[in-house]
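Visitor: How does the following fold in three dimensions:
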Amino acid sequence: MPRYKCLIEFDGTGFSGWQRQENAPSIQQIIEEAIEKFSGEKAVTFTSGRTDSGVHAYGMVIHFDLEQKWDEFKVMGALNYHTRPHKIAILEVNLVGEEFHARFCAKKRYYVYKIVNRRADLALDAGRAWHVPVKLDEKKMQEAAQYMIGKFDFTSFRDAQCQAKSPIKTLDEVRVERDGDMIFVHVSAQSFMHHMVRNIVGTLKIVGAGKWQPERVKEIIAAKDRTKAGPTAPAHGLYFVRVDY
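Guide: Prediction:
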């Protein structure tokens with residue numbers, strides 16, 4: 001069966017996340033319905049990352065199989081047509097071998113979290129960034145972030161509902177940078193736990209606000225206790241950037 005690999009972007013506002021839900025619209029549902037509308041086949045899509053409700057994506061990768069072989073350009077056009085008016089865009093479509101799997105072949109995933117650090121309310125970035133009116137010290141946040149890089153037991157940053165087999169993860173990058181009022185937190189690893197990136201950002205925000213010193217991150221990791229870390233940052237500031245294969 002032909003296997004199609006797609007690169008997609010989406011605005012997660014109003015969706016339950018990537019995965020199908022019984023009582024709420026999801027990105028997966030919209031795309032699978034679009035596939036059926038143009039091909040007449042019921043396909044199951046597989047993704048490189050199952051994003052939460054409200055999380056956005058610049059470069060999510062998915063794949064699905066169809067019995068009929070279609071031109072890649074026509075598949076891209078048909079999917080973009082049938083996903084309208086939802087804010088979902090299929091950027092690329094490529095035929096790949098059956099050995100490719102969007103999730104299991106992924107070697108590294110990249111996220112960025114956006115914070116608007118100013119007193120004024122958000123107009124253009126409402127629903128697409130976390131508004132933090134209290135002045136944040138991005139240098140302190142960057143210092144704290146360095147303690148998270150490496151292989152650790154990240155239980156302190158693990159959501160209570162997380163179904164991951166192990167809390168041991170290896171973070172390749174946690175980087176904080178500022179551009180005017182915008183603060184970006186870049187995080188990359190092969191895999192993450194449920195809410196892990198948002199819990200990391202919530203902790204860094206407390207450091208940036210001056211309530212915790214950067215060195216406290218070492219104690220938080222060692223504690224292996226979710227209550228010791230910061231709160232979960234809002235979903236709407238998080239973006240799935242890309243995935244390496």
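Visitor: Where do the domain boundaries of this structure fall?
Guide: Following automatic domain parsing, the chain resolves into domains at 3-96, 108-244.
Visitor: average model confidence for whichever strand in the chain runs longest?
Guide: In the chain, with assignment by DSSP state E, the single longest strand is strand 168-179. The average pLDDT for strand 168-179 rounds to 98.
Visitor: related to what we said a few turns ago, kindly reformat the domains of the chain as JSON lines containing distance to Ala102.
Guide: In this view, the C-beta of every residue, glycine as well, is placed from N, C-alpha and C. Shown next, in JSON lines, are the domains of the chain (distance: least, CB to CB, whole Å):
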{"stretch": "domain 3-96", "distance to Ala102": "4"}
{"stretch": "domain 108-244", "distance to Ala102": "8"}
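Visitor: Can you lay out the ones you listed as a markdown table showing mean neighbour count?
Guide: Listed next are the domains of the chain as a markdown table, based on neighbours: other CB atoms under 10 Å:
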| stretch | mean neighbour count |
| --- | --- |
| domain 3-96 | 18 |
| domain 108-244 | 18 |
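Visitor: Can you show me the helices along the protein?
Guide: Along the chain, counting by DSSP state H, helices occupy 27-39, 72-83, 138-145, 196-208, 216-223.
Visitor: need the ones you listed in TSV with mean pLDDT, can you?
Guide: Conversion of the helices of the chain to TSV gives the following (pLDDT from 0 to 100):
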stretch	mean pLDDT
helix 27-39	97
helix 72-83	98
helix 138-145	98
helix 196-208	98
helix 216-223	98
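Visitor: Including distance to Asp172, could these go into JSON lines?
Guide: Listed next are those as JSON lines, based on distance: least, CB to CB, whole Å:
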{"stretch": "helix 27-39", "distance to Asp172": "26"}
{"stretch": "helix 72-83", "distance to Asp172": "31"}
{"stretch": "helix 138-145", "distance to Asp172": "12"}
{"stretch": "helix 196-208", "distance to Asp172": "13"}
{"stretch": "helix 216-223", "distance to Asp172": "16"}
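Visitor: between those, which one is nearest to Leu7?
Guide: Among those, helix 72-83 comes nearest to Leu7, with 9.5 Å by CB to CB.
Visitor: what's the nearest residue to Gln213 if we skip its chain neighbours?
Guide: With CB to CB, 6 or more residues apart in numbering as the criterion, Gln213 has its nearest non-adjacent residue at 7.2 Å, and that residue is Val207.
Visitor: returning to what we had before: between the longest strand of the chain and helix 216-223, how big is the angle?
Guide: Between strand 168-179 and helix 216-223, the angle comes out at 160 degrees (axes from the mean of the first three to the mean of the last three CA atoms, to 10 degrees).
Visitor: What pairs with strand 168-179, parallel or antiparallel?
Guide: Paired neighbours of strand 168-179 in the sheet (DSSP bridges): strand 150-153 (antiparallel), strand 182-189 (antiparallel).
Visitor: how much does that strand deviate in direction from helix 196-208?
Guide: 50 degrees.
Visitor: hang on, the earlier thing: nearest to Arg158, out of the helices of the chain?
Guide: Nearest to Arg158, of all those, is helix 196-208, at 6.7 Å by CB to CB.
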